[in-house]
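S.K.: Pasting the sequence and the predicted coordinates here, then a few questions.
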Amino acid sequence: MVKSVSFKEELAKRSQEAEEILKQYGTMSERSYQETVMEAMEYSLFAGGKRLRPILLAETFRMFGGRGKIVEPFMAAIEMIHTYSLVHDDLPAMDNDEYRRGKKTTHVVYGEDMAILTGDALLNYAFETAGRAFDQADASDGSLRRVATAMQILARKAGIYGMVGGQTFDVEAENKQLALTEEQLLFIFTLKTSALIESALMTGAVLAGADEVQTAVLEQVGRNVGIAFQIRDDILDVTGTQEVLGKPIGSDEKNNKITYVTLKGLEQAEADVHQFSKKAQELLSQLPLQSGFLNELIASLTDRMK
């Protein structure tokens with residue numbers, strides 16, 4: 001599928017907007033003896049990336065009529081949570097990767113001990129940052145309650161019923177060399193990858209005043225997008241190059257890891273990426289409010305090369 005120039009330009013614009021917000025909230029000013037971990041946090045945060053999650057969060061906020069800057073702390077927070085997960089993923093005890101986005105990983109630059117602390121610090125600072133939205137909220141117009149609900153969603157999707165839970169089973173399956181079923185693999189994908197994408201879509205909508213039914217639909221949209229995204233990752237680990245991806249390829253094979261490709265084959269994996277992406281767009285069409293940009297963004301994830 002060929003993307004229009006206008007979509008690419010709009011995506012670049014929104015990526016830059018997310019980058020500026022991340023710099024605003026993620027640049028540490030007060031420093032003392034803990035300066036090293038702050039430096040490592042900034043190194044990890046500003047190493048590049050698609051900024052997909054804050055872009056998704058901002059778009060559903062706009063789609064449901066959201067106005068103002070109350071969304072910005074959550075945009076920064078969700079990218080901090082995503083970044084902490086990458087820092088920990090790259091550790092020797094996990095994937096043991098030396099490159100991420102074409103740069104040395106945090107543990108290579110700062111040491112394993114500091115990388116662990118960096119991940120911990122980013123997760124904690126994410127919630128400190130999201131909490132700044134309360135300063136802009138008002139009980140009289142319902143925004144105080146919306147911020148509280150958004151915090152609950154963010155916390156749950158990042159925790160044991162979300163990303164951490166998925167990562168736990170993923171690590172155990174790899175360590176025990178489990179012959180994963182498709183159901184088990186999709187469980188990992190849903191929690192490890194989809195959860196933060198679900199959180200982005202849901203949180204933005206909730207902050208703008210979406211109701212529970214609409215939020216539940218967006219959760220399912222995010223689930224299908226996340227699964228498609230992770231299957232594409234598994235495909236790229238086989239078909240991609242380090243120069244394009246900015247990280248080593250073949251790491252799944254090196255770690256004897258069961259992936260969607262090893263389970264179902266490359267051809268079926270390609271077909272299923274498109275099927276999950278199509279399902280996400282069908283669900284999105286059920287909502288009374290539509291976003292052409294969001295539809296194009298979901299479609300672009302299907303065809304990405306990195």
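M.R.: Thanks, I have the structure now.
S.K.: all helices for the stretch 1-150 of the chain, in order.
M.R.: Taking DSSP state H, counting those that start in this stretch as the test, the helices found in the stretch 1-150 of the chain are 5-26, 35-45, 52-63, 72-89, 106-110, 112-130, 143-158.
S.K.: possible to save those helices as a markdown table with mean neighbour count?
M.R.: In this view, the C-beta of every residue, glycine as well, is placed from N, C-alpha and C. Below are the helices of the stretch 1-150 of the chain laid out as a markdown table (neighbours: other C-beta atoms under 10 Å):
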| stretch | mean neighbour count |
| --- | --- |
| helix 5-26 | 15 |
| helix 35-45 | 19 |
| helix 52-63 | 25 |
| helix 72-89 | 26 |
| helix 106-110 | 21 |
| helix 112-130 | 19 |
| helix 143-158 | 19 |
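S.K.: how about TSV for these, with distance to Lys257 and mean pLDDT added?
M.R.: Shown next, in TSV, are the helices of the stretch 1-150 of the chain (distance: least, C-beta to C-beta, whole Å; pLDDT from 0 to 100):
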stretch	distance to Lys257	mean pLDDT
helix 5-26	30	94
helix 35-45	24	97
helix 52-63	23	97
helix 72-89	13	98
helix 106-110	20	97
helix 112-130	21	98
helix 143-158	23	98
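S.K.: Quick one, which of those helices gets closest to Leu294.
M.R.: For the helices of the stretch 1-150 of the chain, the distance to Leu294 is smallest for helix 52-63, at 5.2 Å, taking C-beta to C-beta.
S.K.: Next, the contact list for Leu86, please.
M.R.: For Leu86, the contact set (C-beta atoms under 8 Å, 6 or more residues apart in numbering) comprises 44, 100.
S.K.: What's the local residue count around Ser29?
M.R.: Number of residues near Ser29 (other C-beta atoms under 10 Å) recorded here: 5.
S.K.: where does it land on pLDDT?
M.R.: We have a pLDDT of 85 for Ser29.
S.K.: How about Gln242?
M.R.: Note on Gln242: pLDDT of 56.
S.K.: and if you look at the one 5 residues further on?
M.R.: The predicted local distance difference test score for Lys247 is 52.
S.K.: Also Gln275?
M.R.: For Gln275, the pLDDT comes out at 95.
S.K.: From the contact counts, what lies against the longest helix seen in the chain?
M.R.: If you go by DSSP state H, the chain has its longest helix at helix 212-239. Taking 3 or more C-beta pairs under 8 Å, 6 or more residues apart in numbering; DSSP states H and E as contact, the helices and strands that helix 212-239 lies on are helix 182-189, helix 195-208, helix 251-254, helix 260-264, helix 266-284, helix 292-303.
S.K.: which one of these lies closest to Val71?
M.R.: helix 195-208 (5.4 Å).
S.K.: So which bits of that closest one are buried?
M.R.: If you call a residue buried by 16 or more other C-beta atoms under 10 Å, then helix 195-208 has these buried ones: 195-208.
S.K.: what's the closest non-adjacent residue to Lys157?
M.R.: Distance criterion C-beta to C-beta, 6 or more residues apart in numbering; nearest residue to Lys157, sequence neighbours excluded, is Ser199 at 3.7 Å.
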